[in-house]
Every structure is written in C-alpha cells, then in structure tokens.
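Peer 1: Dropping the sequence and predicted coords here.
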Amino acid sequence: MNEFIKERNRAFETGDLNWARSIMPYEASDEVIEIAFHKARYECTQVSDARRLESQKWLVERNMRRMTGEPIALGDPLPGWGE
C-alpha cells in the first residue's frame, strides 16, 4: 500500500481534518474541507464501518448527498465494491 493511502486511512480513522486541509487547495474553506472529508470517508471501503457510519450521520444531519450525487439516509447500507 502506498504512503498516501496509509496516511489517508490513518486520517480517516482518527478524524484528522488537518491532513485533509494539507491536501486541499489553499483557498478551500474549513466548511468545504470538512464536507469533502466526510464524503470521502463515507465512500472509503478501507476505513472501519464505525468511522464511515459517523460520516453517514454527519452528512445526513446536514442534508448532504454522496459524492455521486445520490441521497443518503441513516441506516443506508455503506457503499461498497461493485455497487
């Protein structure tokens, strides 16, 4: 596994928004960074279901959609391979 993926997975597991900030364009707002972080973590199959469910809840509470544009509801199955 390459170093970027390892670091990304660590950041997703620990909720490290500073990592997300470090890879985003400098003009991205804190709000945009947090939204992007949760959308990406929700989709990532290499992160624990517990963390992905935290992001699902965070996104649903803010009426956000998946990266693919599809709606999200609490209790939806987590995105996975071959979806």
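Peer 2: Looks like it arrived, so ask away.
Peer 1: Tell me where the chain has strands.
Peer 2: Assigned by DSSP state E, the chain shows no strands.
Peer 1: Tell me if I'm right that residue 59 and residue 42 touch.
Peer 2: Yes. If you go by CB atoms under 8 Å, residue 59 and residue 42 touch, sitting 6.2 Å apart. The C-beta positions use only the backbone N, C-alpha and C, and glycine is treated the same way.
Peer 1: between these two, what contacts are shared?
Peer 2: 66, 72 (CB atoms under 8 Å, 6 or more residues apart in numbering).
Peer 1: Does residue 52 touch residue 44 like I think?
Peer 2: Yes. Judged on CB under 8 Å, residue 52 makes contact with residue 44 at a distance of 7.0 Å.
Peer 1: ok, back up a step: who has more neighbours, residue 59 and residue 42?
Peer 2: residue 42 (26 against 21; other CB atoms under 10 Å).
Peer 1: Look up the closest residue to the more buried one, ignoring the ones flanking it.
Peer 2: Closest residue to residue 42 apart from its sequence neighbours, by CB to CB, 6 or more residues apart in numbering: residue 55 at 4.1 Å.
Peer 1: what ranges of the chain fall below the confidence cut-off?
Peer 2: 1, 81-83 (pLDDT under 70).
Peer 1: which stretches of it form helices?
Peer 2: 3-14, 17-23, 30-43, 49-61 (DSSP state H).
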